[in-house]
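*Asks:* I need the structure of the sequence given here:
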Amino acid sequence: MTFSRLHPFTSLAVLLAVLALCLLGLHHGWVAACLFFVALGFSLLEFKKYTSWFQFSMILATSLGLGVVLDLEFGTHGLLTVSLFLASAAVIARQAFMQQFTYVNLLWLDSGVALLATALYLSVVIRTPFNWVLWLLPLLPLACAVGLTFSYIQDAQQMLKRTKFGYKVQVGRPAPDFELPDQTGALVRLSDYRGKHPVLLIFVRGDWCPGCHMMLRTYERNRMRFMEKGVHLVGVGPDDIGVNKDMVARIGVGYRMLSDDAQAVSGQYGVVYSNPIIEQLGVDYAEGIPLPASFLVDAEGIIRYVSRPDRVGEFLDPSLIFGHLDQLPAKGQVAWS
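*Replies:* Down below sits the predicted model:
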């Protein structure tokens with residue numbers, strides 16, 4: 001593992017959590033609670049940047065640590081531990097299990113768990129004499145849980161609204177040709193693969209999107225299986241070359257990531273939409289936000305698979321594409337559009 005993938009703030013959170021446990025053993029509960037709080041903040045700080053199981057584990061562990069210390073200090077019988085566990089689970093579950101949840105399945109579950117965690121917290125604090133530690137420290141994971149889960153709902157609604165009528169390209173039609181630079185600056189033209197290899201185009205929303213990190217890693221883990229069938233994986237995103245170079249190194253992706261910063265290609269394929277909610281969070285792309293989508297293009301330049309627009313995120317399951325690989329025709333010379 002390279003240093004660029006060591007999660008610096010989350011690694012610091014590990015040291016703070018260990019120190020908090022030591023102080024708890026020395027009966028310094030208040031200081032331990034504050035250290036767990038800071039450790040949790042550091043773990044959440046890199047949530048959008050790395051989106052790894054190490055980070056998920058630290059968010060969960062520091063939330064539990066904070067809850068345990070508060071329960072011990074205030075005698076709240078484990079209720080705060082349960083509350084903060086539910087809050088952290090609501091934050092990470094959809095990202096950690098994106099393949100199962102996708103972007104749009106069971107949206108009520110995340111927000112329901114977050115609201116349950118908040119209700120449990122309020123039931124404790126209103127029956128306990130006021131103390132700023134008890135009121136303030138649990139608010140970070142609870143606020144993150146409620147805010148993120150409701151943003152998931154709003155984002156999914158915008159996605160489904162945009163994909164209601166499908167994408168611009170369809171199975172059986174020629175794939176629109178394009179030329180874009182990859183993370184090294186080298187220009188890649190889709191038609192360069194003609195007569196040589198099928199291509200799986202993987203459109204992502206950008207480095208800011210945790211779910212897209214999970215998606216890119218999922219295909220990285222299955223890259224050799226695609227290569228056995230001669231299929232080359234090619235990612236397409238709205239970030240510039242420098243951002244893509246940093247992202248693929250940080251999350252561990254070994255295939256090309258193309259920079260469609262003008263979103264001309266995303267527009268060709270019909271995978272751009274506008275989402276005011278996401279834009280309010282500081283994600284500012286001039287032409288809108290790309291939809292997560294995938295397109296399998298055979299060696300003749302014909303589209304053989306398109307991820308279902310009514311189930312955005314379903315493409316995270318590569319097995320849905322494997323069944324189409326054996327049906328790919330032999331290499332041909334059909335012209336690209």
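*Asks:* mind giving me the domain split of the protein?
*Replies:* According to automatic domain parsing, the chain comprises the domains 3-162, 166-325.
*Asks:* Need those in TSV (columns: mean pLDDT and mean neighbour count).
*Replies:* From N, CA and C alone the C-beta is placed, and that goes for glycine too. Formatted as TSV, those follow (pLDDT from 0 to 100; neighbours: other CB atoms under 10 Å):
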stretch	mean pLDDT	mean neighbour count
domain 3-162	86	19
domain 166-325	85	19
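*Asks:* what's the span of stretch 43-63, first residue to last?
*Replies:* Stretch 43-63 has its terminal residues 10 Å apart, counting by CA to CA, to the nearest Å.
*Asks:* what residues does it touch?
*Replies:* With contact meaning CB atoms under 8 Å, 6 or more residues apart in numbering, stretch 43-63 is reached by 5, 7-10, 13-14, 17, 36, 39-40, 84-85, 87-89, 91-92, 95-96, 140-141, 144, 207-211, 213-214, 250-251.
*Asks:* Filter those residues down to the ones in helices?
*Replies:* Mapping the contacts of stretch 43-63 onto helices (DSSP state H) picks out 8-10, 13-14, 17, 36, 39-40, 84-85, 87-89, 91-92, 95-96, 140-141, 144, 210-211, 213-214, 250-251.
*Asks:* Next up, the contacts around the residue nearest to residue 179 when sequence neighbours are not counted.
*Replies:* Counting by CB to CB, 6 or more residues apart in numbering, residue 189 is the residue found nearest to residue 179 once chain neighbours are left out, at 4.4 Å. Applying CB under 8 Å, 6+ apart, we find residue 189 in contact with 177-179.
*Asks:* Skipping its backbone neighbours, what lies nearest the residue nearest in space to the middle of the chain in space?
*Replies:* By CA atoms, centre = their mean, the chain has its centre lying nearest to residue 211, at 1.7 Å. In space, residue 211 comes closest to residue 98 once its chain neighbours are excluded; the distance is 5.1 Å by CB to CB, 6+ apart.
*Asks:* ok, now how distant is that neighbour from residue 106?
*Replies:* Counting by CB to CB, to the nearest Å, the separation of residue 98 from residue 106 is 12 Å.
*Asks:* do the same with residue 199
*Replies:* For residue 199 relative to residue 106 (CB to CB), the value is 32 Å.
*Asks:* Contacts only, for residue 133.
*Replies:* 30, 33-34, 70, 73.
*Asks:* Just send these back as a markdown table, with secondary structure too.
*Replies:* Shown next, in a markdown table, are the contacts of residue 133 (DSSP: H, G, I helix; E, B strand; the rest coil):
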| residue | secondary structure |
| --- | --- |
| 30 | helix |
| 33 | helix |
| 34 | helix |
| 70 | helix |
| 73 | helix |
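*Asks:* and which of the residues you listed is nearest residue 242?
*Replies:* residue 34 (37.2 Å; CB to CB).
*Asks:* any idea how far residue 13 is from that closest one?
*Replies:* 13 Å.
*Asks:* Also residue 251?
*Replies:* 19 Å.
*Asks:* got it, and residue 184?
*Replies:* 33 Å.
*Asks:* got it, and residue 187?
*Replies:* 41 Å.
*Asks:* just residue 101 next, same as before
*Replies:* 25 Å.
*Asks:* Check residue 78 too.
*Replies:* With CB to CB as the criterion, residue 78 and residue 13 are 23 Å apart.
*Asks:* now residue 137
*Replies:* On the measure of CB to CB, residue 137 and residue 13 end up 15 Å apart.
*Asks:* Contacts only, for residue 183.
*Replies:* 241, 244-245, 247-248, 256-257, 259 are the contacts of residue 183 under CB under 8 Å, 6+ apart.
*Asks:* mind running it again at 10 Å?
*Replies:* 235, 237, 239-249, 253, 255-259 (CB atoms under 10 Å, 6 or more residues apart in numbering).
*Asks:* Which members of those residues are positioned in strands?
*Replies:* Using DSSP state E, the subset of these located in strands is 235, 237, 256-259.
*Asks:* what's the closest of the residues you listed to residue 151?
*Replies:* residue 237 (20.2 Å).
*Asks:* secondary structure element for residue 265?
*Replies:* Here residue 265 is covered by helix 264-269, with elements defined by DSSP states H and E.
*Asks:* which outside residues touch that helix?
*Replies:* 167-169, 175-180, 190, 201, 203, 205, 236-238, 258-260, 271-273, 285, 287-291, 293, 295, 303, 306, 337.
*Asks:* try 7 Å
*Replies:* 167-169, 176, 178, 180, 203, 236, 238, 260, 272, 287, 290, 295 (CB atoms under 7 Å, 6 or more residues apart in numbering).
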